[in-house]
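Visitor: Build the 3D model from these lines:
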Amino acid sequence: MRLPDRPDLDHLKRQAKDLHASARRGDPQALARFRDRLPATAGRPDGAIAALGLRLHDAQSCLAREYGFPSWHELRSFVLVRRSRTSDRAAATYEWLRLVYAGDITGGTGRASPAAAARLLESEPGLAEGDPSLACAVGDEAALRRAIEADPGWIGRADGPLGLPPLVAVAHSSLLTQPVYRERLIGCTRLLLDRGADPDQKIRSRWRAAAGEPAVPSPLSALYGAAGQNRDPELTRMLLAAGADPNDGESLYHALEDIRCTRLLLEAGARIAGTNALYRVLDLDDVEALRLLLAYGADPDEPPGGEPTDAYGTPLLWAIRRRRSRAHVAALLEAGADPGARTRDGTGAFALALRFGLPEVAELLAKAGATEAIGEADRFVAACAAGDAATASALRARHPDLPESLPEAQLRQLPEMAALGCGEAVRLMVRLGWPLATRGGDWDASALNHAVFRGDAGLARFLLEQGASWRERHGFGDHVAGTLSWASTNESQGAGNQFGDWVGCAEALLDYGMPGGRRDPAGSDAVILDGTPRRFSDEVSDILLAHPDR
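Guide: Below is the predicted model:
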């Protein structure tokens, strides 16, 4: 399928809705389109595809792929920038650069959209001409050679609309992830290094600039662009060979999502201590990367670098809090982790494992000598976390003051388990009387906030049925409507749970008292909800606008 020269986002939304409706009716042609384009439905028969309960965002993803984009986010980004084209070349160039680079480079808060940037460049091939900084973004080696010959000092100066040193501009360009541009950008990196560019070129992070705040201290080095943003092993190896400092404060932490880049940094002497890498790798649930860090000398008892990790004290406790596997805990213990570690509130690793519903991990810790006395209240929490309704109910019958009499640290298990997606445990806790509005988790939020963030519509509706309120607040100062806004526009783009049902969450919230929305009279794509303009995903916006503010 080919996009028109002037694509219209509303028309594309209607196409996606038509495709979704046809698939819901069981139309064979519509189901075949899903089968041909979506990885989750590839090779499945019609009946199996229909049984998946496809949502509108699935249809949007299918349509985007038919037009040659990897996601609806990329297609939408392309259309919005394409439709906003003006005769003001500087403004047009800046909008294109916002697709090429992430918000920490451009001063925004979003991620780069490399597929959209590449498509826009295909349609307007002259867009990156006439400015060597733009040549850095697209890998135009000939233009870089001309710039260096005309002014050898240019190679070390910040330049262009974004004020980037050339090597930073090349290494952070998201077009490195696009096959047609990758070799060109590698070639430009080689040229810059051969001509004497400092391999440690860097700028300060700009991600707060969109909110009018000063740049944060975090450096954004060329190496961070290669290893931590684009996660390209060849470019990472090239910069390290040229002398780039692997201890730039960012690269190792962010490279953990690609074990190849992680290994290169460690081989080049990256220090693990002080980076929180050991805690980060436990967030990512990658046992091989964990073993790699430990093999390179990571301290299994390294103290954390800040909230919320410091409440848990050691990587072992953090692994339990993240409900990591027995293999993760075994790796830490084999590396010398103290099985007797305790949280800030005095809870030992053994009791913490039970509190998070991990009896097999508790058994492993017991073998390592970490057993401790467990009272009836602890057993009650452990049974709830494990989804053991019979044991939990029996303990509550003997102690009718449970769970109200539990200390705050244990009451916070309700939002903790919701944040981890442990719906069965959450339902049991609520049925046994857990205070619904208790706040906890990484961002001090209620269970309903965590359920909505994950896009767990079933759990969100259950909590609302039991009396939870959409006005429950979280640690960033907003309530559940703000959570829905953030999650539907960010998590659905691939930053987290891509399969969340934020439409279902919106429907549940509307059914239980959250007001609907109205269009922003200023003409933006925001929805005014509870007097505040907020941005939601397209499909969530449609649901909210279909239920006018009451």
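
Visitor: Tell me which residue lies farthest from the centre of this structure.
Guide: Computed with Cα atoms, centre = their mean, the residue of the chain farthest from its C-alpha average is R398, at 43.3 Å.

Visitor: how near is that residue to T391?
Guide: Distance of R398 to T391, computed by Cβ to Cβ, to the nearest Å: 11 Å. C-beta coordinates here come from the backbone N, C-alpha and C atoms, glycine included.

Visitor: just G26 next, same as before
Guide: Taking Cβ to Cβ, one finds G26 at 45 Å from T391.

Visitor: same deal with V527?
Guide: 45 Å.

Visitor: Tell me which of those two has more neighbours.
Guide: A side-by-side neighbour count of V527 and T391, using other Cβ atoms under 10 Å, places V527 first with 24 against 14.

Visitor: Mind pulling up the pLDDT for that one?
Guide: pLDDT recorded at V527 is 93.

Visitor: do D501 as well
Guide: 88.

Visitor: With adjacent residues omitted, what lies nearest to it?
Guide: A457 (4.1 Å; Cβ to Cβ, 6 or more residues apart in numbering).

Visitor: Phi first, then psi, for the one you found.
Guide: Main-chain torsions, A457, degrees, to the nearest 10: phi -60, psi -40.

Visitor: show me what contacts it?
Guide: A457 makes contacts with 501-505, 507-508, as judged by Cβ atoms under 8 Å, 6 or more residues apart in numbering.

Visitor: of the residues you listed, closest to E372?
Guide: C505 (39.3 Å; Cβ to Cβ).

Visitor: hang on, that closest one is in a helix, isn't it?
Guide: Yes. The assignment for C505 (DSSP: H, G, I helix; E, B strand; the rest coil) places it in a helix.

Visitor: So what's the residue count around A311?
Guide: There are 14 residues near A311, going by other Cβ under 10 Å.

Visitor: Could I get the contacting residues of it?
Guide: A311 neighbours (Cβ under 8 Å, 6+ apart): 343-345.

Visitor: which one is L63 nearest to, not counting chain neighbours?
Guide: Setting aside the residues directly before and after it, L63 is nearest to A16 in space (Cβ to Cβ, 6+ apart), at 4.9 Å.

Visitor: right, and the one you found touches A59 too?
Guide: Yes. Counting by Cβ atoms under 8 Å, A59 is a contact partner of A16 at 4.5 Å.

Visitor: what about these two, which has more around it?
Guide: A direct count of neighbours by other Cβ under 10 Å for A16 and A59 places A59 higher, at 27 against 23.

Visitor: The more buried one contacts L19, correct?
Guide: Yes. Applying Cβ under 8 Å, one finds A59 in contact with L19, separated by 4.5 Å.

Visitor: Tell me how this protein divides into domains.
Guide: 9-78, 84-207+217-267, 277-367, 404-545 (automatic domain parsing).

Visitor: Pull up the distance across the last one, start to finish.
Guide: The first and last residues of domain 404-545 sit 40 Å apart, counting by Cα to Cα, to the nearest Å.

Visitor: Now for L529, how many residues are close by?
Guide: 22.

Visitor: What values do phi and psi take at it?
Guide: According to degrees, to the nearest 10, L529 has phi -130, psi 120.

Visitor: OK, contacts around the closest residue to it other than its chain neighbours?
Guide: Among residues not flanking L529 along the chain, G517 sits closest, at 4.4 Å (Cβ to Cβ, 6+ apart). Neighbouring residues of G517 by Cβ under 8 Å, 6+ apart: 527-529, 534, 541, 544-545, 547-549.

Visitor: Show me the strands in the chain, by range?
Guide: Ranges of strands within the chain are 202-204, 219-221, 518-519, 527-529, 532-534, based on DSSP state E.

Visitor: Please produce a markdown table containing the ones you listed, extended by distance to Q466.
Guide: Converted to a markdown table, these look like this (distance: least, Cβ to Cβ, whole Å):
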| stretch | distance to Q466 |
| --- | --- |
| strand 202-204 | 47 |
| strand 219-221 | 45 |
| strand 518-519 | 30 |
| strand 527-529 | 23 |
| strand 532-534 | 26 |
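
Visitor: For the residue nearest to L63, list the residues it contacts.
Guide: A16 touches 56, 59-60, 62-63, 72, counting by Cβ under 8 Å, 6+ apart.

Visitor: Cross the residues you listed against helices and list the overlap.
Guide: 56, 59-60, 62-63, 72 (DSSP state H).

Visitor: which regions of the protein lie under the pLDDT threshold?
Guide: 85-87, 208-217, 307, 491-499, 549-550 (pLDDT under 70).

Visitor: let's go with 80 and repeat that
Guide: 5, 82-90, 108-110, 206-218, 305-311, 490-499, 548-550 (pLDDT under 80).

Visitor: Can you report how many residues lie near the residue lying closest to A409 once chain neighbours are set aside?
Guide: Sequence neighbours aside, D345 is the residue nearest to A409 in space, at 4.5 Å (criterion: Cβ to Cβ, 6+ apart). Around D345 there are 13 other residues, counting by other Cβ under 10 Å.

Visitor: Would you format the domains of the chain as TSV with distance to C384 included?
Guide: Formatted as TSV, the domains of the chain follow (distance: least, Cβ to Cβ, whole Å):
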stretch	distance to C384
domain 9-78	29
domain 84-207+217-267	32
domain 277-367	8
domain 404-545	5
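
Visitor: L3 is nearest to which of the ones you listed?
Guide: Checking the domains of the chain against L3 by Cβ to Cβ gives domain 9-78 as the closest, at 5.4 Å.

Visitor: now do the same end-to-end measure for that closest one.
Guide: 10 Å.

Visitor: so how far is it off the chain centroid?
Guide: Centroid separation for domain 9-78 versus its chain: 23 Å, with Cα atoms, centre = their mean, to the nearest Å.

Visitor: for stretch 162-179, same thing?
Guide: Using Cα atoms, centre = their mean, the offset of stretch 162-179 from its chain centre is 21 Å.

Visitor: how about it: buried residues?
Guide: For stretch 162-179, a neighbour-count test (16 or more other Cβ atoms under 10 Å) marks 162, 164-178 as buried.
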